[in-house]
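# The amino acid sequence is not available; the structure is as follows:
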């Protein structure tokens with residue numbers, strides 16, 4: 001997910017905790033833990049500063065997003081809370097675990113994926129059933145905040161955490177419905193193609209199914225209810241000399257490892273490859289290539 005969504009997740013998690021009886025310092029610590037925990041796996045973006053081998057594509061959402069590091073991040077946050085606000089307790093550690101777990105797991109559902117089981121496995125796990133920026137999440141969290149604020153101002157509810165827990169329930173239900181629809185389309189396409197990937201559209205229930213058969217890649221767009229229709233047909237030059245490309249552009253080798261499958265371009269001017277899941281308007285923004293030397 002994007003940074004804004006992760007931040008909103010942290011704030012909504014903070015809202016879902018019953019804070020009656022908490023001191024000011026405890027509330028401050030809780031807010032720090034939920035928001036920082038919802039962001040800390042993305043600390044891997046700083047690896048771009050020292051990446052000289054073109055490996056950033058694999059490093060980002062890699063080890064820092066591993067489910068095995070959830071308690072490590074939570075322990076770090078608990079230690080910082082104790083240092084800054086003199087607060088302690090297992091509850092902070094557990095809420096930190098939940099915040100980090102939500103970050104890591106939510107990132108599985110978009111096309112970018114994560115190295116969820118690193119370092120045991122370097123495989124990128126991606127379901128592609130939720131867009132990276134999902135306005136449904138934003139709308140649900142905003143509606144929950146407005147409703148809790150209204151109830152509190154009118155004196156009808158002194159327990160706003162119940163509203164935010166309902167928001168979490170609705171978001172989980174939304175993910176479940178989206179994933180069920182995406183899985184249905186994925187299974188249908190798997191019977192026709194050697195390799196299949198999925199990318200969710202910004203419109204709920206709409207997906208792009210990417211299927212590869214030999215050197216042909218089809219992009220099919222639609223939903224479970226309307227069926228999918230051809231959106232684009234791409235041709236991959238499977239016999240191209242990728243060793244030459246990888247030697248000249250290390251980022252291309254990283255993209256090849258990172259993507260479920262790629263489209264290879266080998267024409268008169270360029271040798272390269274791109275991830276077809278991000279193909280929009282005649283090109284993919286994940287495209288690595290080298291220019292061919294003229295005669």
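Thanks, I have it. Source: prediction; values computed, not measured.
# For the rest of this, base every contact and every neighbour count on C-alpha atoms.
OK.
# What segments of the stretch 151-295 of the chain are strands?
For the stretch 151-295 of the chain, the strands defined by DSSP state E, counting those that start in this stretch occupy 195-200, 207-213, 216-223, 227-235, 263-266, 270-274, 279-280, 283-284, 287-291.
# Could you list the residues in contact with the first one?
This points to strand 195-200. Here strand 195-200 makes contact (C-alpha atoms under 8 Å, 6 or more residues apart in numbering) with 110-111, 127-131, 182, 186, 189-190, 206-213, 260-261, 277.
# Include distance to residue 13 and mean pLDDT when you put the strands of the stretch 151-295 of the chain into CSV, please.
Below are the strands of the stretch 151-295 of the chain laid out as CSV (distance: least, C-alpha to C-alpha, whole Å; pLDDT from 0 to 100):
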stretch, distance to residue 13, mean pLDDT
strand 195-200, 25, 96
strand 207-213, 29, 96
strand 216-223, 31, 96
strand 227-235, 37, 95
strand 263-266, 40, 95
strand 270-274, 37, 95
strand 279-280, 34, 90
strand 283-284, 35, 88
strand 287-291, 37, 93
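# I'd like to know which of the ones you listed lies nearest to residue 84.
Closest of those to residue 84 is strand 195-200, at 41.3 Å (criterion: C-alpha to C-alpha).
# which ones are touching residue 190?
If you count contacts by C-alpha under 8 Å, 6+ apart, residue 190 has them with 196, 211.
# For residue 124, see how far away it is.
According to C-alpha to C-alpha, to the nearest Å, residue 190 and residue 124 sit 19 Å apart.
# How about residue 81?
Distance of residue 81 to residue 124, computed by C-alpha to C-alpha: 32 Å.
# Repeat that for residue 202.
Distance of residue 202 to residue 124, given as C-alpha to C-alpha: 22 Å.
# Tell me which of these two has more neighbours.
residue 124 (21 against 15; other C-alpha atoms under 10 Å).
# for the chain, which residue is closest to the average position?
Nearest to the geometric centre of the chain sits residue 107, at 2.8 Å (C-alpha atoms, centre = their mean).
# Per-residue pLDDT of that residue, please?
What the model reports as pLDDT for residue 107 is 94.
# so when I look at it, I'm seeing a helix, right?
Yes. Membership of residue 107 in a helix is supported by DSSP: H, G, I helix; E, B strand; the rest coil.
# So it is in contact with residue 124, correct?
No. Residue 107 is not in contact with residue 124 according to C-alpha atoms under 8 Å; the separation is 10.9 Å.
# Common neighbours of these two, please.
Common neighbours of residue 107 and residue 124 (criterion: C-alpha under 8 Å, 6+ apart): 113-114.
# still on that earlier bit, which residues touch the residue nearest to the centre of the chain?
1, 113-114, 126, 132.
# out of these, which is most surrounded?
Result: residue 114 is most packed of these (other C-alpha under 10 Å), 30 neighbours.
# Isn't that residue up against residue 121?
No. Taking contacts as C-alpha under 8 Å, residue 114 lies outside contact range of residue 121: 11.0 Å.
# which other residues reach stretch 31-47?
Stretch 31-47 is contacted by residues 3, 6-7, 9-11, 13-14, 56, 59-62, 64-65, 73-74, 77-78, 81, 92, 95-97, 99-100, 102-104 when judged by C-alpha under 8 Å, 6+ apart.
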